[in-house]
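Peer 1: sequence below, structure please.
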Amino acid sequence: MITALWYAVAGVLLVGVALASSSIARLPVTTALIYLCIGLVLGPEVTGLLRIDALADAPLLERLSEIAVIVSLFGAGLKLRVPTWDERWNVALRLAFVSMTITVGLITLVGVVGLGLPLGGAVLLGAILAPTDPVLASDVQVGDPFDRDRLRFSLTGEAGLNDGTAFPFVMLGLGLLGLHDLGEGYWRWLTIDVAWAVTGGLLVGTALGTLIGRLVLYLRRTHHEALGTDDFIAMGLIALAYGVALLCHTYGFLAVFTAGLALRRVEMHNPRPSGTAAWRAAPGDHESAAHPHHAPAYLAEAVRRVTEILERGGEIVLVLLVGALLSPATVSLEAAGFAALLLLVLRPIAVTLGLVGRTVPAHARRLMAWFGIRGIGSVYYLAYAIGQGVPEGLARQLITLVLTTIALSTLVHGTSVTTLMARYERRTR
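Peer 2: This is a model prediction of the structure:
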């Protein structure tokens, strides 16, 4: 009976979202906020249909959030159709590396001084909450590969990169708690967890994305093979890049993001230009898929469409679960105060310091500082840390701080994004 009820609930939810999509788009809120509210209703505090515990069910949350994040990161890479040497990357890299590192430091300071966390726990909290989210930030990211808006590009690039660059700080926090080997004088952390894992993840993703893209195009153009398999190519490349990166002890999040970038680069570096027919071709158009000129653009767009479908499904599932996790035991006034401090003070400070020396319009800089959206990526890092053996008392404290921050971020960003981005677009036009 419970299984049948869940099938019915899932069906009502999916059909309802589909039928109300146009109405939802006109509302001054994001779909993520709606999913969060539905999850809260389904959770134990209201109907009790969805019962989940962040501590006991950490392995499940880790696997589900892991899948959602890698799909979203791959899709983010596919959207960034800008040459590597373009100066737009400078701001994205500064946000993803410099601003994120500063955010970890500021959260660590607040965690030790204001929240009474041990140093390792405070560093871990900073690593969990420093990266911005590629799943819930779709409303402020580039809408398509030809979107050249600097604000959207910077936020997309930041979210794509910092979900991987936060991992060294996760390992540092675990090491300070005695749950990971940092090496004498932190040599292992610096050489393996930082230098090798970051560089290796970037190299693995770039190599596999380029190799698979060129191989598929060769088979399609020359032998008319591998046609109509765009869904398998998308899922296969995501899984391959992530799996190989983990086998090489590198960061899989960076690998899947750069795999998407590399696949897009294959299309961009095609010596034979694509016509508009390649971009408008419907799924299953084998003629465009094998056309000597159109095949690269068709492949990149077909894979991107598949990824977007998978991404929407992952968003629904994970945000519902986060909503169901919210309860008096996982939300507190102290955590809400910390979340407000992070979003209103720490994030703006980190963005300002990270962009020192760069000429960024004041209105764009303010929006970059505001849209530091926290979400599914933080759920993954939280569940991962719990799985590594974080003591139960500290784990429950982290759960409260992280879930409260995600809920507050979803609320304030979800209710402000439509108005602020519309105003920004009017101003830039």
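Peer 1: name the surrounding residues that touch the helix or strand residue 348 falls within.
Peer 2: Following DSSP states H and E, the helix or strand that holds residue 348 is helix 347-354. Applying Cβ atoms under 8 Å, 6 or more residues apart in numbering, the contact partners of helix 347-354 are 94-95, 98-100, 102-103, 106, 365, 368-370, 372. Where C-beta positions appear, they are placed from N, C-alpha and C, glycine not excepted.
Peer 1: so which of the residues you listed is the closest to residue 35?
Peer 2: residue 372 (20.1 Å; Cβ to Cβ).
Peer 1: so who does the closest one touch?
Peer 2: Taking Cβ under 8 Å, 6+ apart, we find residue 372 in contact with 103, 132, 342-343, 347, 351, 409.
Peer 1: farthest pair within those?
Peer 2: Largest separation among the contacts of residue 372 by Cβ to Cβ: 351 and 409, giving 15.2 Å.
Peer 1: confidence score at the residue lying closest to residue 33 once chain neighbours are set aside?
Peer 2: Excluding its sequence neighbours, the residue lying closest to residue 33 (Cβ to Cβ, 6 or more residues apart in numbering) is residue 414, at 3.5 Å. At residue 414, the model reports a pLDDT of 89.
Peer 1: which phi and psi values does residue 261 adopt?
Peer 2: Dihedral angles of residue 261 (phi, psi; degrees, to the nearest 10) stand at phi -60, psi -40.
Peer 1: gap between the two ends of stretch 185-195?
Peer 2: Its start and end residues considered, stretch 185-195 measures 15 Å (Cα to Cα, to the nearest Å).
Peer 1: go on, stretch 170-187?
Peer 2: Across stretch 170-187, the terminal residues are separated by 16 Å (Cα to Cα).
Peer 1: what does that stretch contact?
Peer 2: With contact meaning Cβ under 8 Å, 6+ apart, stretch 170-187 is reached by 118-128, 188-193, 381, 384-385, 388-391, 394.
Peer 1: hmm, try it at 6 Å
Peer 2: 119-120, 123-124, 127, 188-189, 193, 381, 388-389 (Cβ atoms under 6 Å, 6 or more residues apart in numbering).
Peer 1: show me which of these are buried.
Peer 2: 120, 123-124, 127, 188-189, 193, 381, 388 (16 or more other Cβ atoms under 10 Å).
Peer 1: tell me the one of the residues you listed nearest residue 356?
Peer 2: Nearest to residue 356 out of the buried ones among the contacts of stretch 170-187 is residue 127 (Cβ to Cβ; 23.0 Å).
Peer 1: name the element that closest one belongs to?
Peer 2: Applying DSSP H and E as the criterion places residue 127 in helix 119-129.
Peer 1: may I ask you to name the longest helix in this protein?
Peer 2: Looking across the chain with DSSP state H, the single longest helix is helix 392-428.
Peer 1: what residues of that helix count as buried?
Peer 2: In helix 392-428, counting by 16+ other Cβ under 10 Å, buried: 394-414, 417-418, 420-421, 424.
Peer 1: same question, stretch 298-313
Peer 2: Neighbour counts over stretch 298-313 (16+ other Cβ under 10 Å) mark 298-304, 306-308, 310-311 as buried.
Peer 1: likewise for stretch 347-358?
Peer 2: For stretch 347-358, a neighbour-count test (16+ other Cβ under 10 Å) marks 347-348, 350-351, 354-355 as buried.
Peer 1: that stretch: how far from the chain's middle?
Peer 2: The chain centre lies 21 Å from the centre of stretch 347-358; the measure is Cα atoms, centre = their mean, to the nearest Å.
Peer 1: what is the longest helix of the chain packed up against?
Peer 2: Secondary-structure packing of helix 392-428 (3 or more Cβ pairs under 6 Å, 6 or more residues apart in numbering; DSSP states H and E): helix 31-42, helix 119-129, helix 333-341, helix 376-387.
Peer 1: could you give the angle of the second one to helix 376-387?
Peer 2: Between helix 119-129 and helix 376-387, the angle comes out at 150 degrees (axes from the mean of the first three to the mean of the last three Cα atoms, to 10 degrees).
Peer 1: if we can go back for a sec, nearest to residue 267 among the buried ones among the contacts of stretch 170-187?
Peer 2: Of all those, residue 267 sits closest to residue 381, with 32.1 Å by Cβ to Cβ.
Peer 1: show the model's pLDDT score for the closest one.
Peer 2: Here the pLDDT value assigned to residue 381 is 97.
Peer 1: next one: residue 167
Peer 2: Looking at residue 167, its pLDDT is 94.
Peer 1: what's the answer for residue 277, then?
Peer 2: 54.
Peer 1: related to what we said a few turns ago, now the helix or strand following the helix holding residue 127, how far from the centre of its chain.
Peer 2: Once the chain leaves helix 119-129, the next helix or strand it forms, by DSSP H and E, is helix 150-165. Centroid separation for helix 150-165 versus its chain: 9 Å, with Cα atoms, centre = their mean.
Peer 1: so residue 403 makes contact with residue 329?
Peer 2: No: taking Cβ atoms under 6 Å as the definition, residue 403 is not a contact partner of residue 329, at 9.9 Å.
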